[in-house]
Each structure stands twice: as C-alpha cells, then as structure tokens.
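**Q** Provided below are the primary sequence and the corresponding predicted coordinates.
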Amino acid sequence: MAVETVYRSSRDPERLFMDKAEADRHDKMLELAERLSEVLSRAVPSLNETQAEEAGIFMARHRDLFAKAFRNNPDALSELDEQ
C-alpha cells in the first residue's frame, strides 16, 4: 500500500494539492481575490456579491498581466484576449 502526502488549501478545503508550494500559491491567490472583491464592491456598489467575487478571482488569477499593465504597459492586457 502506497502512502501519498496531499495538501489542502485552507481557503478552499475541497481542493487538494500534491505540492505544498502549489497549495500556498492557491491560498495567496484566493486571499488576493477576496481583497479585490471587497475593494470592487466598495468602488462599484452596483456589483452584486457574485460579480465582485468573479472579478476578484479573475484579476487575482491574472495578477502578473495586471501588474504589467499598471506599470505603464496597458498592452499587456491584450494577452487576456489570446487565452
């Protein structure tokens, strides 16, 4: 019988990872998504909770592209069209 070590995300307990670093990255992405959702909800009151959450997750998943865009490279966001 083989034994496997799996890691569970503290923010997404149903998701399992084979690598601790990957689980940590996922948790950090979800933490960023949560904060983004809060900020978006305050900035755009007409967003409902689901919309703010989806936008926050989208932005957190693509944080590198958004970071490039915020560093005076708005064309970096065109990569999102290619996905």
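**A** That came in fine, so what should we check first?
**Q** what separates the helix ranked longest in the chain from the chain centre, distance-wise?
**A** Identified as the longest helix of the chain according to DSSP state H is helix 20-43. Helix 20-43 has its average C-alpha position 5 Å from the chain's average C-alpha position, going by Cα atoms, centre = their mean, to the nearest Å.
**Q** Equivalent analysis for stretch 2-18, please.
**A** With Cα atoms, centre = their mean, you get 18 Å for stretch 2-18.
**Q** Let's see it as PDB, backbone CA atoms only.
**A** Extracted C-alpha coordinates of stretch 2-18, given in PDB (Å, rounded to 0.1, in the frame of the first residue of the first chain):
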ATOM      1  CA  ALA A   2       1.400   3.400  -1.000                       C
ATOM      2  CA  VAL A   3       1.100   6.500   1.000                       C
ATOM      3  CA  GLU A   4       0.600   9.900  -0.600                       C
ATOM      4  CA  THR A   5       1.000  13.200   1.000                       C
ATOM      5  CA  VAL A   6      -1.600  15.700  -0.100                       C
ATOM      6  CA  TYR A   7      -2.100  19.300   0.900                       C
ATOM      7  CA  ARG A   8      -5.400  21.000   1.400                       C
ATOM      8  CA  SER A   9      -6.000  24.700   0.700                       C
ATOM      9  CA  SER A  10      -7.100  26.500   3.900                       C
ATOM     10  CA  ARG A  11      -9.300  28.800   1.900                       C
ATOM     11  CA  ASP A  12     -10.600  26.100  -0.400                       C
ATOM     12  CA  PRO A  13     -10.700  22.900   1.700                       C
ATOM     13  CA  GLU A  14     -12.300  20.800  -1.100                       C
ATOM     14  CA  ARG A  15      -9.200  21.400  -3.300                       C
ATOM     15  CA  LEU A  16      -6.200  19.100  -2.800                       C
ATOM     16  CA  PHE A  17      -2.700  19.600  -4.000                       C
ATOM     17  CA  MET A  18       0.300  17.300  -4.300                       C
END
